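Engineer: This is the structure alone, sequence omitted:
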């Protein structure tokens, strides 16, 4: 495949000379008579080199260089300038130009400069490919587990990563939805391009629209410059929309159109702009239920939900908890530049039996707390009270065979064990139990009266 070279020159004769010279050398040549036209070609072609004059009507070569490098920091740009404008060429080098040539130039010198630039671009591309291959190898490194439930997720990621199909990731908060989205991105052909993530529930509707689709200068108070928005900034890569169900219905309509037409209209503009980003969405709610209750558009749901990935909660893959614990202990030790700590069997038992409503994120927080509070070994004393009770409970070990305690007796034992696990901190115990402090005092008073009668 011939390397593609873009020549930007507002003098027609010079454009023709350069095109013929470069085509004779085996390049595929595109020409533009202005920087504005050059940007259109740049956005639509995978160019090896852009060769631009520095002095042009309208946007000049330095401004074009800025626009190109903002869009692609690895883009190769060569500046053409007259002898009297060498200072401008040096300024271009400081802005990231690859090299410059002075007019009138010697054909061989120009071709050598372009040839070196093409080789540099090839190296950039090979390095990008290498990074992508490395990411493919290690992209599951943060998704820890060997359970069959997680293995199914891994297999599905492998199948869908290199497609452009819409993906909907569903799972409780803290199950690792963004990690899965990143794994899909880094195992795809888009790995060398941006991965951008935005939480749709974290921003008000007016600001979310601007963040997603961009805006023009003066579109609203505070819009002092044009903004590309996430869709266009993720061009060629992946855009991850987390908590998609929190998006209001008027914005859902605009999102549906963007997905259907592969274009967005910035706030304050009437001109639609094309984009090429893969969209992966996620939610911690049942999206079909949200559709049934008219909280989410049905047509948008089907557009997003070509491939559905359901992440299991941590309590649904308890065999992965010991692996996660060891992973987090090692990670925290590295971050704090401290030696790793052993974990007692009692701690593992408590952690495996806990319900983990906050899933992996909650487990990580608990391990970090325990690491800080423990000495050489992480033991039960370093765990929160609500986790410790899982190793201290167990009616079956204390009741005789065939004995069945009453519901009131079970409640009494459970409350007293929670209180013991909380080191007799009644406020903490009430919080764990989910009852008012006054209710706890009332129940404890009743137990005292019963035992004293």
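Structural biologist: Done, it's in. What you are looking at is a predicted structure, and each value in this text was computed from that prediction instead of being measured. Residues are numbered from 1 along each chain as shown.

Engineer: Show me the shaky parts of the stretch 251-400 of the chain.
Structural biologist: Within the stretch 251-400 of the chain, the stretches with pLDDT under 70 are 390-400.

Engineer: What segments of it are helices?
Structural biologist: Along the stretch 251-400 of the chain, the stretches classed as helices by DSSP state H, counting those that start in this stretch are 287-292, 298-304, 321-335, 345-353, 359-373, 385-392.

Engineer: name the element residue 149 belongs to?
Structural biologist: Per DSSP states H and E: residue 149 is located in helix 148-160.

Engineer: list the helices and strands that helix packs on?
Structural biologist: helix 177-186, strand 307-310 (3 or more C-beta pairs under 8 Å, 6 or more residues apart in numbering; DSSP states H and E). Yep, even glycine has a C-beta here, placed from its N, CA and C like the rest.

Engineer: Looking at the helices of the stretch 251-400 of the chain, which is nearest to residue 379?
Structural biologist: helix 345-353 (6.2 Å; C-beta to C-beta).

Engineer: Tell me where the stretch 201-350 of the chain has strands.
Structural biologist: Under the criterion DSSP state E, counting those that start in this stretch, the stretch 201-350 of the chain contains strands at 238-242, 263-264, 273-274, 278-283, 307-310, 342-343.

Engineer: and those, which is most packed in?
Structural biologist: Among these, ranked by average contacts under mean count of other C-beta atoms under 10 Å, first place goes to strand 278-283 (a mean of 25).

Engineer: what angle do that strand and helix 177-186 make?
Structural biologist: Angle of strand 278-283 versus helix 177-186, following axes from the mean of the first three to the mean of the last three C-alpha atoms, to 10 degrees, is 160 degrees.

Engineer: mind checking how far residue 443 is from residue 349?
Structural biologist: From residue 443 across to residue 349, the span is 28 Å (C-beta to C-beta, to the nearest Å).

Engineer: average pLDDT across the helix holding residue 149?
Structural biologist: Averaged across helix 148-160, pLDDT comes to 91.

Engineer: Also compute the angle for it relative to strand 278-283, please.
Structural biologist: Using the same axes, to 10 degrees: helix 148-160 against strand 278-283 is 160 degrees.

Engineer: And the nearest residue to residue 170 once chain neighbours are set aside, how close does it get to residue 39?
Structural biologist: With sequence-adjacent residues excluded and distances taken as C-beta to C-beta, 6 or more residues apart in numbering, residue 170 is closest to residue 310, at 5.2 Å. According to C-beta to C-beta, residue 310 and residue 39 sit 43 Å apart.

Engineer: cool, residue 33 as well?
Structural biologist: Taking C-beta to C-beta, one finds residue 33 at 13 Å from residue 39.

Engineer: can you pull up the bridge partners for residue 4?
Structural biologist: residue 28 (DSSP bridges).

Engineer: quick one: contacts for it?
Structural biologist: By C-beta atoms under 8 Å, 6 or more residues apart in numbering, residue 4 lies in contact with 27, 28, 29, 30, 45, 46, 47, 48.
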